[in-house]
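1. Based on what follows, work out the 3D shape:
(one chain, ligands or ions: 1)
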Amino acid sequence: SSGPDLAGCRILISAGPTYEDLDPVRFIGNRSSGKMGFAIAASAARRGAQVVLVAGPVSMPTPPGVRRINVRSAAEMHDAVLGSLPADVYIGAAAVADYTAREIQSQKIKKSDQPDGGDTLTIELVRTRDVLAEVAAHAQRPRVVVGFAAETHDVEHYARDKLVRKQLDMIAANQVGCAGSGFESDDNALTVIDAERVHSLGSAPKTVLADALLDLIRARL
Ligand code: PMT
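-> Sure thing, here's the model as predicted:
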């Protein structure tokens, strides 16, 4: 696409991983680089949208014209995203942690403090809040709510389940755990599913898929 075909559209995007701190030096994270979400933010801004990008801890430059809010944990991502509504479109490209530590230890966890002398370590994790599901159920729900689904197997099956359960308009499913797709790679392979159709966008650079996804979103606005 060329030209400002998204002018006046407010698009809120999440990108990157979250880091769930365990103690002052350790955290639970994941391999998301932010490339997919940043590519969508860059394309949307280029096409004239007003873009807010809520970014987990990544080393990516802010695309031109994008307002960026940096966060670290799933809880911070939740507050930044919900606090940025209203928007016309929400795209959840972040890999948000499903679990966080029940307690963040204020001092470094010591092997010698464990009951068995440190041969094993037990950390209790609790569920995080589902940012995407809360956006979709919000009083200020965006007109188009798009989730991502990162699966290692039965991609379409699990993606369709998320579409229905989280009340999304669209879900972009990618296979993870293989080369040339998903986390970290410059390329991805996306299948976009909505209530009516399955759109196979195929394998391409994330920058190209970003524009194809925005074309599908624009058609629903
Ligand atoms: O960042 P890259 O290296 O470019 O990689 C891109 C990507 C693979 C991370 C991206 O394309 C992707 O698939 N993002 C979603 C990854 C993921 O966490 O999927 P999920 O199936 O666990 O979550 C499903 C959806 O729920 C996602 O839209 C996620 O943002 C959202 N979610 C999940 C948990 C939670 N607590 N809150 C959420 O909003």
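2. Next, see if stretch 82-101 gets close to the ligand.
-> Yes - judged by CB under 6 Å from any ligand atom, stretch 82-101 comes into contact with the ligand through 92-96, 98. The C-beta positions use only the backbone N, C-alpha and C, and glycine is treated the same way.
3. hmm, which of these are the buried ones?
-> Among the residues of stretch 82-101 next to the ligand, those classed as buried by 16 or more other CB atoms under 10 Å are 92-96.
4. Which elements pack onto the one helix or strand residue 161 maps to?
-> Assigned by DSSP states H and E, residue 161 belongs to helix 155-165. For helix 155-165, the packing partners by 3 or more CB pairs under 8 Å, 6 or more residues apart in numbering; DSSP states H and E come out as strand 144-151, strand 170-175, strand 187-193.
5. So which of these is nearest the ligand?
-> strand 144-151 (3.6 Å; CB to the nearest ligand atom).
6. Quick one: list the elements packing against the closest one.
-> Against strand 144-151 (3+ CB pairs under 8 Å, 6+ apart) you get strand 89-92, helix 131-136, helix 155-165, strand 170-175, helix 206-220.
7. where does this structure come near the ligand, residue by residue?
-> Near the ligand, when you scan the chain using CB under 6 Å from any ligand atom, you find 14, 16, 32-36, 74, 92-96, 98, 128, 130-132, 147-150, 162, 174, 176, 182-184.
8. Can you turn the buried part of these into a ChimeraX selection?
-> Here is the ChimeraX command that picks out the buried ones among these, judged by 16+ other CB under 10 Å:
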select :14,16,32,33,34,35,36,74,92,93,94,95,96,128,130,131,132,147,148,149,150,162,174,176,182,183
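9. ok, back up a step: got the helices and strands packed on strand 144-151 as JSON lines, with mean pLDDT and distance to residue 53 columns?
-> Output for the helices and strands packed on strand 144-151, formatted as JSON lines (pLDDT from 0 to 100; distance: least, CB to CB, whole Å):
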{"stretch": "strand 89-92", "mean pLDDT": "99", "distance to residue 53": "10"}
{"stretch": "helix 131-136", "mean pLDDT": "98", "distance to residue 53": "14"}
{"stretch": "helix 155-165", "mean pLDDT": "94", "distance to residue 53": "22"}
{"stretch": "strand 170-175", "mean pLDDT": "94", "distance to residue 53": "17"}
{"stretch": "helix 206-220", "mean pLDDT": "98", "distance to residue 53": "12"}
